[in-house]
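Novice: Structure for the following, please:
(chains A and B)
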Amino acid sequence: MSEELFPEPEWLSEEVKTGTTIIAVTFDGGVVLGSDSRVSAGEAVVNRVMNKLSPLHDKIYCALSGSAADAQTIAEIVNYQLDVHSIEVEDDPLVCSAATLVKNISYKYKEELSAHLIVAGWDKKKGGQVYATLSGLLTSQPFAIGGSGSFYINGFVDAEYRKNMTKRECQEFVVNALTLAMGRDGSSGGVAYVVTIDKDGAEEKCVLGNELPKFFDQ
Amino acid sequence: RQRTRPQLLRAENTMLNTSTKTPTGGFSFENTRRNAVLEANLSEKGYSAPNARKTGTTIAGLIFKDGVILGADTRATDDMVVADKNCMKIHYIAPKIYCCGAGVAADAEVTTQMMSSNVELHSLSTGRPPLVAMVTRQLKQMLFRYQGHIGSSLIVGGVDVNGPQLYSVYPHGSYDKLPFLTMGSGAASAVSVFEDRYKPNMELEEAKQLVRDAITAGIFCDLGSGSNVDLCVITEKTVDYLRGYDQPVQKGLREGTYRYKPGTTAVLTKTVTPLPLDVVDESVQVMDTE
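Specialist: Down below sits the predicted model:
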């Protein structure tokens, strides 16, 4: 009468986490966001092509990390709240407004939620901006990284980031950072999604696994 | 996280149509301490509290050229014993939307029934046929509200004005939208078949065969799945619920027989004792049939 004869795989009851690498970088005139595509439940990968860059508005995106359910729910609620807000002010919302809405939820339900969203976008008041909202703080930064894979690239981004990069250089920087993190973090992998936002709108791109840059890898 | 109830979704529901009541909060855990004491008392005497019956399942779905195919095995287990050899795991939600359920059997069953009635109300209120995305959203909002304590993993598939779509919803409330999906204890076996042979825009017969093979892989390689393969083919024009589409496991034929010929055992003596019965009391009760 042992349970081991027919053990249910643990990942069935484990919470689904995005175990991620996310990154957002500003350049003059916009922002570039990037994410990997792996969603894990325990040790199993349940979705290998998930796009973690979720639109909050036309020119404002957020990058999801942490618990998949919590992150998706926050993004959905803020998307709705921003829609209402933009109708009320009769204009496109500011990136700061979107980030504040995310921060309000993250802070109020700090104990219950375990998700970290990076909000980035373009508005006509301040141009391209990146906000980190970890645990309910709100800070505007030239670039931000998040997720389990970000620990492996802290040194890389600190060393390689330069002010006044062009759009092209930013995209390369994001793809390189993602590739290095996916190479070292077991919970990140799959393909790389890159979104570039400027005054003309948002452009989504998917870089497949074999198109990622190659680094020293024996 | 067990004790608190996030009320994040209330604001969102107030602006939308009110044909379905706005729900509040999740489970109340006030009695957990009392239950723990009771269970400790029970186990002292050698008994244990009953466990929720799980479906121990293999469910799968894929999108082909003309629509969606959902597949499931038909075994329901109660720990080590097969409780139901032919249960239905593909549930009706709307005329062109069906849902496969895995996890705790009761949760999957009741969740899909609640969704089905909510979807009917919503679609009467909007005056339009329901969208698969709407079903998924209501499901995931409800599961998020209960913070994973409702143990049902579901695959929702159907055809609506936006074409064929397939979503998976996990007990904690996250969802994925993909061209092929598997869930349940046999998911690992089934997804390996899909990863090998799936192609976009397959023809009907090839797609049915692929789903059947994936579920069969789950039936053979997972102890919690078994019996038959059920398929549900949903296209824009028709829905084909193929119950018992395939029976990969046939019951074995008995080679011999345990019957003994009459006369095998010799009768030595035979005694007959009649029991006389007397009528003691007789009463008539008239039934009112007006």
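Novice: Give me the residue ranges of chain B where confidence is low.
Specialist: Applying pLDDT under 70 to chain B flags residues B:1-24, B:51-55.
Novice: What's the end-to-end length of stretch B:158-172?
Specialist: One end of stretch B:158-172 sits 22 Å from the other (C-alpha to C-alpha, to the nearest Å).
Novice: now stretch B:222-230
Specialist: Start-to-end span of stretch B:222-230 (C-alpha to C-alpha) is 17 Å.
Novice: Spell out whether it and chain A are in contact.
Specialist: Yes: using C-beta under 8 Å from any C-beta of the partner chain, stretch B:222-230 reaches chain A at B:Leu223, B:Gly224. (C-beta placed from N, C-alpha, C; glycine too.)
Novice: Name the residues of that stretch that come out as buried.
Specialist: In terms of neighbour count (16 or more other C-beta atoms under 10 Å in any protein chain shown), stretch B:222-230 has its buried residues at B:Asp222, B:Gly224, B:Ser225, B:Gly226, B:Ser227, B:Asn228, B:Val229, B:Asp230.
Novice: what's the closest non-adjacent residue to the fourth one?
Specialist: In space, not counting the residues next to it along the chain, B:Gly226 is nearest to B:Arg75; the distance is 4.0 Å by C-beta to C-beta, 6 or more residues apart in numbering or on different chains.
Novice: Might you specify the subset of the buried residues of stretch B:222-230 located within strands?
Specialist: The strands, defined by DSSP state E, take in B:Val229, B:Asp230 from the buried residues of stretch B:222-230.
Novice: now the strands for chain A?
Specialist: So, for chain A - with DSSP E - the strands run A:16-17, A:22-27, A:30-35, A:39-41, A:44-47, A:53-57, A:60-63, A:118-123, A:127-132, A:139-141, A:143-146, A:192-198, A:201-207.
Novice: try the stretch 1-150 of chain B
Specialist: Listed in chain order, the strands of the stretch 1-150 of chain B (DSSP state E, counting those that start in this stretch) span B:59-63, B:67-73, B:76-78, B:81-84, B:90-94, B:97-103.
Novice: now these in JSON lines, with distance to B:Leu38?
Specialist: Shown next, in JSON lines, are the strands of the stretch 1-150 of chain B (distance: least, C-beta to C-beta, whole Å):
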{"stretch": "strand B:59-63", "distance to B:Leu38": "35"}
{"stretch": "strand B:67-73", "distance to B:Leu38": "36"}
{"stretch": "strand B:76-78", "distance to B:Leu38": "22"}
{"stretch": "strand B:81-84", "distance to B:Leu38": "25"}
{"stretch": "strand B:90-94", "distance to B:Leu38": "34"}
{"stretch": "strand B:97-103", "distance to B:Leu38": "26"}
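Novice: Any chance of TSV for those, columns mean neighbour count?
Specialist: Below are these laid out as TSV (neighbours: other C-beta atoms under 10 Å in any protein chain shown):
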stretch	mean neighbour count
strand B:59-63	29
strand B:67-73	28
strand B:76-78	20
strand B:81-84	13
strand B:90-94	21
strand B:97-103	28
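Novice: is it possible to export those strands to CSV including distance to chain A?
Specialist: Output for the strands of the stretch 1-150 of chain B, formatted as CSV (distance: least, C-beta to the nearest C-beta, whole Å):
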stretch, distance to chain A
strand B:59-63, 12
strand B:67-73, 14
strand B:76-78, 8
strand B:81-84, 11
strand B:90-94, 19
strand B:97-103, 7
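Novice: Please convert the strands of chain A to CSV, extending it with mean neighbour count, mean pLDDT and distance to A:Asp91.
Specialist: Output for these, formatted as CSV (neighbours: other C-beta atoms under 10 Å in any protein chain shown; pLDDT from 0 to 100; distance: least, C-beta to C-beta, whole Å):
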stretch, mean neighbour count, mean pLDDT, distance to A:Asp91
strand A:16-17, 26, 70, 37
strand A:22-27, 27, 96, 22
strand A:30-35, 29, 96, 19
strand A:39-41, 24, 87, 35
strand A:44-47, 20, 88, 36
strand A:53-57, 21, 94, 11
strand A:60-63, 28, 96, 13
strand A:118-123, 28, 96, 9
strand A:127-132, 23, 95, 16
strand A:139-141, 14, 95, 20
strand A:143-146, 24, 94, 26
strand A:192-198, 23, 96, 17
strand A:201-207, 14, 94, 16
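Novice: As TSV, these with distance to chain B would be great.
Specialist: Shown next, in TSV, are the strands of chain A (distance: least, C-beta to the nearest C-beta, whole Å):
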stretch	distance to chain B
strand A:16-17	5
strand A:22-27	16
strand A:30-35	15
strand A:39-41	7
strand A:44-47	5
strand A:53-57	12
strand A:60-63	16
strand A:118-123	17
strand A:127-132	20
strand A:139-141	23
strand A:143-146	18
strand A:192-198	14
strand A:201-207	15
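Novice: what separates B:Ala266 from B:Val272, distance-wise?
Specialist: Noted for B:Ala266: a distance of 19 Å to B:Val272, by C-beta to C-beta, to the nearest Å.
Novice: and if you look at A:Asp92?
Specialist: 101 Å.
Novice: next one: B:Cys100
Specialist: B:Cys100 is 62 Å from B:Val272, by C-beta to C-beta.
Novice: picking up where we left off before, who has more neighbours out of A:Asp92 and B:Val272?
Specialist: The neighbour count for A:Asp92 versus B:Val272, taken as other C-beta atoms under 10 Å in any protein chain shown, is higher for A:Asp92 (18 against 4).
Novice: on that earlier part again, the residue nearest to B:Gly226 is in contact with B:Leu223, isn't it?
Specialist: No: B:Arg75 is beyond contact range of B:Leu223, at 9.5 Å (criterion: C-beta atoms under 8 Å).
Novice: Now for the two: what residues contact both?
Specialist: Counting by C-beta atoms under 8 Å, 6 or more residues apart in numbering or on different chains, the residues touching both B:Arg75 and B:Leu223 are B:Gly56.
Novice: what about residue 213, how many neighbours?
Specialist: You didn't pick a chain, so chain A it is. A:Pro213 is flanked by 11 other residues according to other C-beta under 10 Å.
Novice: you looked at the wrong chain, it should be chain B
Specialist: 20.
Novice: Distance check, it against chain A.
Specialist: Distance, B:Asp213 to chain A, by C-beta to the nearest C-beta, to the nearest Å: 21 Å.
Novice: Without its sequence neighbours, what residue ends up closest to that residue?
Specialist: Leaving aside its sequence neighbours, B:Asp213 sits nearest to B:Val193 (C-beta to C-beta, 6+ apart; 5.3 Å).
Novice: could you say which helix or strand contains the one you found?
Specialist: For B:Val193, the enclosing helix or strand under DSSP states H and E is helix B:187-197.
Novice: Same question for that helix: list its buried residues.
Specialist: For helix B:187-197, by 16+ other C-beta under 10 Å, it's B:Ala187, B:Ala188, B:Ser189, B:Ala190, B:Val191, B:Val193, B:Phe194.
Novice: Just give me how far stretch B:105-119 sits from the chain centre.
Specialist: Stretch B:105-119 sits 10 Å away from the centroid of its parent chain (C-alpha atoms, centre = their mean, to the nearest Å).
Novice: can you pull up the bridge partners for the residue nearest the centre of chain A?
Specialist: Against the mean C-alpha coordinate of chain A, by C-alpha atoms, centre = their mean, the closest residue is A:Ala63 at 2.3 Å. Beta bridges link A:Ala63 to A:Leu53, A:Ile118, judged by DSSP bridges.
Novice: gap between it and B:Glu195?
Specialist: 27 Å.
Novice: Just give the closest residue to B:Tyr245, not the sequence neighbours.
Specialist: Nearest in space to B:Tyr245, with sequence neighbours left out and distances taken as C-beta to C-beta, 6+ apart, is B:Leu231 at 4.4 Å.
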